[in-house]
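Trainee: Need coordinates for the following:
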Amino acid sequence: MSAQVINGKELVSSIREEIRSDAAALTAQGNQPGLVVVIVGDDPASQVYVRNKAKACDDVGIYSEVHRLPEQTTQEELIALIHGFNNNNRINGILVQSPLPKHINEEAVVDEIDPAKDVDCFHPINVGNLMIGKDGMKPCTPHGVIEILKRTGVEIAGKHAVVVGRSNIVGKPMAMLLLREHATVTVVHSRTPNMEEMTKQADILVVAVGKAHLIKANHVKPGAVVIDVGMNRPADGKLTGDVDFEAVKEIASSITPVPGCVGPMTITMLLRNTVDAASRAAKANVSV
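Mentor: Numbering: from 1, shown residues only. Modelled structure (predicted):
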């Protein structure tokens, strides 16, 4: 029996309706959530992502600004701009689009973002809070994966979750969020000698390495839930994931398609983080 293909469009629509309602309530109180996106240079993929984020903000009632800076912008100029947004009460979320030009140190830039406005959850303070289980920002893609699992009725507690990939953006925080949900978590990566043996133990398999069709049917335990975070564009130009979808869907109990699920959910969690940041800021102002 083929796996259930998780309907990302339906999930995203449902969550965005919740976000729209929360944003409207804050706006009615005079606290409309606001997000600023900064892009440096002319990377075509980044331009598409930024347009999609601005459109998503408009869709749910979030005020948004997009600042497009020339390739030659200096690190000092970018940081000065960020400091201005840190002090701007109209803005609740600051996102600096990756990749940045090579002459700009991305880590140094992220360090200058107010952690309360770090809606990507890249600042060391937010990463530390994630590690110790403190409430606050959650990284958008891993947070989206947890929402996919919960909203499709997947039991996480007590299950063996295997994360393929150890990046700071997805792999590591994904493992932390799964631990929060009481899963037993294994992380495998390029130096794991027996990856197939590890992945075949997974009740929940999350794949995030950026290598097209890395995971085949022989990597997957029958009945596993498979979440494909990968976004690859091979020579044929067709967007595809890290999982061999056609082969694995005959083994798994449910699976996410690429494109159409984790990608839109990631943007949705960015909106969620922005609204939550606005809510925290509004409560802080009331308590002062």
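Trainee: all contacts plus neighbour counts: C-alpha atoms, from now on.
Mentor: Noted.
Trainee: roughly how far apart are residue 23 and residue 278?
Mentor: Going from residue 23 to residue 278 by C-alpha to C-alpha, to the nearest Å gives 9 Å.
Trainee: so what sits against both of these two?
Mentor: 32-33 (C-alpha atoms under 8 Å, 6 or more residues apart in numbering).
Trainee: quick one: the strands in the stretch 51-200 of the chain?
Mentor: 63-69, 93-96, 160-164, 184-188 (DSSP state E, counting those that start in this stretch).
Trainee: Buried ones in the longest one, by neighbour count?
Mentor: Right, the one you point to is strand 63-69. 63-64 (16 or more other C-alpha atoms under 10 Å).
Trainee: Just the C-alphas of that strand, formatted as PDB.
Mentor: Output in PDB follows, covering the C-alpha atoms of strand 63-69 (Å, rounded to 0.1, in the frame of the first residue of the first chain):
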ATOM      1  CA  TYR A  63       3.300  44.700   8.100                       C
ATOM      2  CA  SER A  64       6.400  44.100   6.100                       C
ATOM      3  CA  GLU A  65       9.400  45.900   4.700                       C
ATOM      4  CA  VAL A  66      11.900  44.600   2.200                       C
ATOM      5  CA  HIS A  67      15.300  46.400   2.000                       C
ATOM      6  CA  ARG A  68      17.300  45.400  -1.100                       C
ATOM      7  CA  LEU A  69      21.000  46.500  -0.700                       C
END
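Trainee: And it, how far out from the chain middle?
Mentor: 20 Å (C-alpha atoms, centre = their mean, to the nearest Å).
Trainee: Tell me which residues are up against it.
Mentor: Contacts for strand 63-69 (C-alpha under 8 Å, 6+ apart): 32-41, 50, 54, 57-58.
Trainee: what's the answer for stretch 89-105, then?
Mentor: For stretch 89-105, using C-alpha under 8 Å, 6+ apart, the contacting residues are 32-41, 46, 50, 71, 74-75, 82, 85, 106, 110, 113, 116-120, 273-275, 277-278, 281.
Trainee: try 6 Å this time
Mentor: The contact list for stretch 89-105 (C-alpha atoms under 6 Å, 6 or more residues apart in numbering) reads 34-39, 75, 117-119, 274, 277-278.
Trainee: Do me a favour and average the pLDDT over it.
Mentor: Here stretch 89-105 scores 97 as its mean pLDDT.
Trainee: Next: stretch 129-146.
Mentor: Averaged over stretch 129-146, pLDDT sits at 96.
Trainee: What residues sit buried inside that stretch?
Mentor: For stretch 129-146, by 16+ other C-alpha under 10 Å, it's 129-131, 136-146.
Trainee: on contacts alone, who are the packing partners of the host helix or strand of residue 35?
Mentor: Using DSSP states H and E, residue 35 sits in strand 34-40. In terms of contacts (3 or more C-alpha pairs under 6 Å, 6 or more residues apart in numbering; DSSP states H and E), strand 34-40 is packed against strand 63-69, strand 93-96.
Trainee: List the contacts of residue 8.
Mentor: Neighbour list for residue 8: 260-261 [criterion: C-alpha under 6 Å, 6+ apart].
Trainee: my read: residue 4 touches residue 254, true?
Mentor: Yes - contact criterion C-alpha atoms under 6 Å: residue 4 and residue 254 qualify, at 4.4 Å.
Trainee: neighbour count winner among those two?
Mentor: residue 254 (22 against 14; other C-alpha atoms under 10 Å).
Trainee: quick revisit: please state the offset of the strand holding residue 35 from the chain centre?
Mentor: Per C-alpha atoms, centre = their mean, the centroid offset for strand 34-40 relative to its chain is 16 Å.
Trainee: Please shift the residue numbers so they start at 50 in all later answers.
Mentor: Happy to do that; since the first residue is 50 now, the last one works out to strand 83-89.
Trainee: which other residues reach it?
Mentor: Taking C-alpha under 6 Å, 6+ apart as the rule, strand 83-89 contacts 111-120, 140-146.
Trainee: List the neighbouring strands of it plus their orientation.
Mentor: strand 112-118 (parallel), strand 142-145 (parallel) (DSSP bridges).
Trainee: Spatially nearest residue to residue 207 (excluding sequence neighbours)?
Mentor: Closest residue to residue 207 apart from its sequence neighbours, by C-alpha to C-alpha, 6 or more residues apart in numbering: residue 232 at 5.0 Å.
Trainee: err, residue 326, not the other one
Mentor: residue 141 (5.9 Å).
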